[in-house]
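S.K.: Here is my input; please provide its structure:
(chains A and B)
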Amino acid sequence: MDTIEKQLKVAPKNRRYIIVVTTILLFLFVWSLTALSFENMQESGWSIAASILTGIINPDLELLLSFTSQGVPYLLVETIAIAFLGTIIGAIMAVPLAFLSASNIVPAPVAWLTRLFLIMVRTVPSLVYGLMLIRVTGPGPFAGILTIALVSIGMLSKLFVDAIEDLDIGVLESMTSIGCTTFEKIRYGIIPQLFSMFLSIVIYRFDMNLREASILGLVGAGGIGAPLIFAMNAYRWNEVGSILIGLVILILIVEIYSNKIRGKLVRG
Amino acid sequence: MYDKIFPPKKIALPNGKVVIEKRSPTPLILLLLLIGVYFSVQLTGFSLPVLFERWDQFFVIILDMIPPRWDYTSHIWQPLLDTIKMSLLGSVLGSLTAIPIAYLASNNIVKNRVIVGIARVFLSILRTMPTLVMALIATFIFGLGTLAGTVAIFLFTIAYVGKFLYEQIENVNMDAFEAMESLGMTRVQAFRYAIFPQVLPNYLSTSLFCFEGNVRYASILGYVGAGGIGLLLNEGLGWRDYSSVGMILFMLIITVFLIERVSEHFRKRLI
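M.R.: This next block holds a predicted model:
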């Protein structure tokens, strides 16, 4: 037996574990196939698919380029504004919650309770929040902002917590040893460590919120969603095409820039 | 660019040496943010007074949800299982389909720039489409029901897992791949034996994470008629039957929590 074969024998054997997990997965997969039903599929499906495609290829250029309040550019700017304000408000609300659920800052029960609360906040679908908040503000972009703020809290504080728990305590200890006050420790020891991480997380979430804001129109909370849905339900596919093209271009541009900025922030 | 507009501050040290301190961009960024906030507030009609006056309205619906209607549980099981099935099927099929697409989109394996470009544009366009919009289009093509929801989740999973996977593939160690190629394996074979094992743990973990998120997304897909628990949710909200809505949300939260726990357990084992 040469060295290679010996090495091969040494490799950990977890075949049984893999087989069990694969079987469970296969079983679940077959079980989930039962959810599919092809009954509702109609012959007209393919012709609709074709007309959607032609609509996207021949967009309604007038709508795409007009700068009135019904035009795509205005709606996109409104969507950006909703996502922007929503992200800022959400980030401001997420910071205290993140500190409250960081296990190296507060006692374990408090951290645990806050986390449970965050899971609950995160699971409620955004459309439900949208409907609740429309009671507060009436339909319109204002409700959209508050909805975006609420749905971003969950993920933002989860990522903030990771950053907080990675804090380098050594810096704080050395600051204590040279006689810094608590305020100085926070200002020069904690904020510089967290700020760029937080900013990068917030920019990432803004990216996602833009997508979120584009569907809130479904419940009447402003943004580009409502015109999109109306156009779809009326089968005006070239309008749908122009709205989708605007949306895709906007999201791609924002994504490219946000990736660049985040890269700079993380690398310092 | 920035340094030219705001020249760096020069400090002369006592020993005559001159040190350059770059100006911090923070004030400029803050100013831009404030301008952004101002215009957004103007555009969207955001007003704090309304918020302070009417914030209690937000809790009206929440209070109506308590106590939830416990006897409604029997109606929830089937749609809830449908939601899980939809997201499971969509995630499994989607993450399997993502492998060949990610293969085509990684520029260290496929040398043809055109193919790489096409694969990447395809992934980007899929990713930028909001899931709900995709589900809505799918209901037009596949009819109302779980099939449309599964298709929407399937497409979203391809985009999400595909992007992560090709970024992983581009960062792997290429030595083994080159060695296998020089032994006479084809590129696909070398990919299978040299690169796939390297990215496998991360790939599985990303797929699991995507599945977690998909359960949450799938719960609203019913809103546009794409099957699952969203249908009940929509109905309950439409009839203002908030105690049933409370029960649905309660079950949903528990399910999502359990799935997150299980998937987190496996993801920790993988990495």
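
S.K.: tell me the mean pLDDT for stretch B:41-48?
M.R.: The pLDDT scores in stretch B:41-48 average 80.

S.K.: in chain B, which spans are strands?
M.R.: According to DSSP state E, chain B carries its strands in the segments B:9-12, B:18-21.

S.K.: One more: the stretch 1-150 of chain A?
M.R.: Counting by DSSP state E, counting those that start in this stretch, the stretch 1-150 of chain A forms no strands at all.

S.K.: need the helices for it, in chain order.
M.R.: With helices called from DSSP state H, counting those that start in this stretch, the stretch 1-150 of chain A shows them at A:3-10, A:15-33, A:44-57, A:61-65, A:72-100, A:108-123, A:126-137, A:141-165.

S.K.: Relative to B:Ile109, which of these is closest?
M.R.: helix A:15-33 (26.1 Å; CB to CB). (Glycine included, C-beta is placed from N, CA and C.)

S.K.: So B:Tyr103 is in contact with B:Ile169, correct?
M.R.: Yes: contact status for B:Tyr103 versus B:Ile169: in contact at 7.4 Å, counting by CB atoms under 8 Å.

S.K.: Mind listing the shared neighbours of the two?
M.R.: Shared contacts of B:Tyr103 and B:Ile169 (CB atoms under 8 Å, 6 or more residues apart in numbering or on different chains): B:Ile109.

S.K.: Could I get the pLDDT score of the closest residue to B:Leu208 other than its chain neighbours?
M.R.: Distance criterion CB to CB, 6 or more residues apart in numbering or on different chains; nearest residue to B:Leu208, sequence neighbours excluded, is B:Ser263 at 4.5 Å. If you check B:Ser263, the pLDDT there is 87.

S.K.: that older thread, make JSON lines from the helices of the stretch 1-150 of chain A and add mean neighbour count to it.
M.R.: Formatted as JSON lines, those follow (neighbours: other CB atoms under 10 Å in any protein chain shown):
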{"stretch": "helix A:3-10", "mean neighbour count": "8"}
{"stretch": "helix A:15-33", "mean neighbour count": "12"}
{"stretch": "helix A:44-57", "mean neighbour count": "14"}
{"stretch": "helix A:61-65", "mean neighbour count": "15"}
{"stretch": "helix A:72-100", "mean neighbour count": "22"}
{"stretch": "helix A:108-123", "mean neighbour count": "16"}
{"stretch": "helix A:126-137", "mean neighbour count": "23"}
{"stretch": "helix A:141-165", "mean neighbour count": "24"}
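
S.K.: Now the weakest link among those, please, by mean pLDDT.
M.R.: Across the helices of the stretch 1-150 of chain A, the lowest-scoring stretch is helix A:61-65, with a mean of 74.

S.K.: now what about that helix, what contacts it?
M.R.: Helix A:61-65 has contacts (CB under 8 Å, 6+ apart) with A:Gln70, A:Gly71, A:Val72, A:Pro73, A:Glu239, A:Ser242, A:Ile243, A:Ile245, A:Gly246.

S.K.: show me what contacts the second one?
M.R.: Looking back up the chat, that one is A:Gly71. Contacts of A:Gly71 by CB under 8 Å, 6+ apart are A:Leu63, A:Leu64, A:Leu65.

S.K.: Please apply the same query to the last one.
M.R.: With contact taken as CB under 8 Å, 6+ apart, A:Gly246 is in contact with A:Leu64, A:Val72, A:Pro73, A:Leu75, A:Leu76, A:Ile224.

S.K.: Return the member of the residues you listed nearest to B:Val121.
M.R.: B:Val121 has its nearest neighbour among the contacts of A:Gly246 in A:Leu64, at 19.6 Å by CB to CB.
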